[in-house]
Structures are given as structure tokens and as C-alpha cells.
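> starting from these lines, generate the structure:
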Amino acid sequence: MKKSSKILIVTSVVISLLSFRVNAQETAKEVSLSADDAKIVKSVEEYFNTVKSIKSRFTQYNRNNGQTLEGNVNILKPNKMRLQYDEPVPFEFIADGYYLIYNDKKLEQVTYFDLNDNPAAIILKDNFSFTKEELKVEDISKQGNQIVVTVSKIKQPEVGKITLIFDGKPMGLKQWVVTDMQHVETEITLVNPEFNVELDEQQFKFKDKSKSKLK
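Just a heads-up that it's a prediction; the model follows:
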């Protein structure tokens with residue numbers, strides 16, 4: 001793989017899961033919720049609390065440069081995830097219940113991130129609520145059969161936004177979109193997802209060969 005291609009892949013991956021920071025001055029204001037919007041917020045909370053696991057193929061698309069990656073993602077609540085990219089991408093992300101771990105299998109390089117520092121971690125939460133997770137609703141809309149909700153963290157104005165996209169009938173998580181500090185938008189789309197399936201918990205345990213934790 002060419003060095004330039006690898007840099008693009010790494011950048012896109014980090015954008016999709018880790019880089020949510022934007023300029024504080026540009027943080028959107030919280031919207032006033034109508035009665036209908038409040039019902040949508042409640043329905044999103046109720047939906048997330050019915051989902052205990054997700055097994056899916058996914059497509060990752062960078063809206064700015066058109067780059068596309070594919071792979072498999074498994075999620076087990078609370079706070080566990082394994083996201084693996086198709087070859088030749090040599091790395092993966094693992095949430096082991098405490099950290100979000102970036103593992104480059106080819107270079108044997110490992111980086112640990114605080115799981116709770118990432119807005120996308122709300123997808124991994126048990127007993128989810130917007131209030132409990134201290135989320136600010138920035139936008140709610142309906143687009144055909146889809147429900148679109150954009151949120152950010154109340155106490156971290158420098159943290160960017162994540163947009164959650166659901167199929168409405170029946171309700172199901174379809175996609176999420178994140179934005180980095182350069183306003184690069186990267187979307188993750190679930191492909192043929194299975195919900196509430198049994199998953200092997202061993203896949204969320206990570207054996208660190210490097211023995212070095214970079215936080």
C-alpha cells in the first residue's frame with residue numbers, strides 16, 4: 001500500500017470514531033424542542049434501550065474526498081465494540097468496556113483513548129438517556145421515513161457533533177455522521193444489521209503485545 005493511501009485511510013478512520021472537535025465559537029445552539037420533537041427524543045431513548053447488541057457489515061464514506069472503506073462491526077452493550085476493516089487495511093478499533101483501542105496489526109502499534117471522550121460512544125451505552133449522557137439536541141428532522149437527530153455534549157463546547165439517522169418504521173439505527181475540526185464529514189452506514197444477537201465476548205478482550213498505553 002502506498003504511504004499516501006495509508007495516510008488517507010488512517011485519517012478517515014480517526015475522523016469517523018475519534019475526531020469530533022470543532023472550534024468552540026462555531027458550536028451550534030441548542031434548539032427548542034416542540035412537543036413532536038420531544039416525542040422523537042423519547043422514542044430514540046426507548047429504542048436505544050431495547051438494543052443490547054449489533055452485528056453488521058458497514059460502509060464508511062468520507063463526504064469530502066469520496067473515500068470509502070468497508071468492514072464488520074460488532075457491538076455489545078455496555079461499552080464494547082470491535083470494528084474491523086476489510087483487507088488491505090491493517091488496523092482495527094476495539095472498545096473493551098473502558099478504552100477505545102486503536103490497533104495497527106501490521107506495525108504492532110496500539111493507542112488507548114478514553115471511551116467517554118467520544119460522542120459516538122453513546123451508541124454503546126446501557127440505560128441511555130439524553131439527560132444522563134449530558135447531550136444537547138442541536139437539530140431534529142424527518143426526511144421521508146427517516147428520523148435525523150444531531151447532538152453534542154453540553155459540558156464540552158469544543159466537542160463536535162454526531163448525527164444519528166434512523167429508519168422510522170420500524171425504528172432502527174441506520175447510520176451516523178461525525179465532523180472533525182476541519183469540518184470533514186464522515187458517515188458510517190450499517191449494511192444488513194442484526195440486532196440483539198448473541199456475540200462472543202472474547203472478541204472484545206484485547207491482548208496488548210506492545211504493553212504501552214498512550215492516553
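> and the residue nearest the centre of the chain, helix, strand or coil?
Central residue of the chain (Cα atoms, centre = their mean): A120, 3.6 Å from the mean position. Look at A120: counting by DSSP: H, G, I helix; E, B strand; the rest coil, its state is helix.
> count of residues packed around N145?
9 (other Cβ atoms under 10 Å). Where you see a C-beta, it was placed from the backbone N, CA and C, and this is true even at glycine.
> just checking, L76 touches K52?
Yes - with contact defined as Cβ atoms under 8 Å, L76 counts as touching K52 (7.5 Å).
> compare the two (neighbour count), which wins?
L76 (22 against 15).
> any idea how far R63 is from the more buried one?
Separation of L76 from R63 (Cβ to Cβ, to the nearest Å) stands at 29 Å.
> do D126 as well
31 Å.
> ok, now F128?
Taken as Cβ to Cβ, the span from F128 to R63 is 27 Å.
> any low-confidence regions in the protein?
For the chain, the stretches flagged by pLDDT under 70 are 1-31, 157-159, 180-181, 210-215.
> run through the strands of it in chain order.
Here the chain has its strands, by DSSP state E, at 53-62, 68-76, 80-85, 91-96, 99-104, 109-114, 135-143, 146-153, 162-168, 171-179, 185-195.
> which outside residues touch the longest one?
This points to strand 185-195. 12, 15-16, 51, 53-64, 73, 172-180 (Cβ atoms under 8 Å, 6 or more residues apart in numbering).
> now it against strand 162-168, angle please.
Per axes from the mean of the first three to the mean of the last three Cα atoms, to 10 degrees, the angle that strand 185-195 makes with strand 162-168 is 40 degrees.
> buried stuff in strand 185-195?
186-190, 193 (16 or more other Cβ atoms under 10 Å).
> partner strands of that strand, parallel or antiparallel?
strand 53-62 (antiparallel), strand 171-179 (antiparallel) (DSSP bridges).
> nearest to E198, of those strands?
Taking Cβ to Cβ, strand 53-62 is the member of the strands paired with strand 185-195 nearest to E198, at 7.5 Å.
> determine which of the strands of the chain approaches K209 most closely.
Taking Cβ to Cβ, strand 109-114 is the member of these nearest to K209, at 7.6 Å.
> pull up the distance across stretch 100-118, start to finish.
Start-to-end span of stretch 100-118 (Cα to Cα, to the nearest Å) is 9 Å.
> centre of the chain to that stretch, how far?
The chain centroid and the centroid of stretch 100-118 are separated by 14 Å, computed with Cα atoms, centre = their mean, to the nearest Å.
> using neighbour counts, pick out the buried residues of that stretch.
By neighbour count with 16+ other Cβ under 10 Å, stretch 100-118 contains the buried residues 100-104, 110-113, 115, 118.
> so K77 touches I122, yeah?
No - using Cβ under 8 Å, K77 makes no contact with I122, being 11.1 Å away.
> wait, isn't the residue nearest to the centre of the chain in contact with V178?
Yes - using Cβ under 8 Å, A120 makes contact with V178 at a distance of 6.4 Å.
> now the end-to-end length of stretch 46-64.
End-to-end distance for stretch 46-64, by Cα to Cα: 33 Å.
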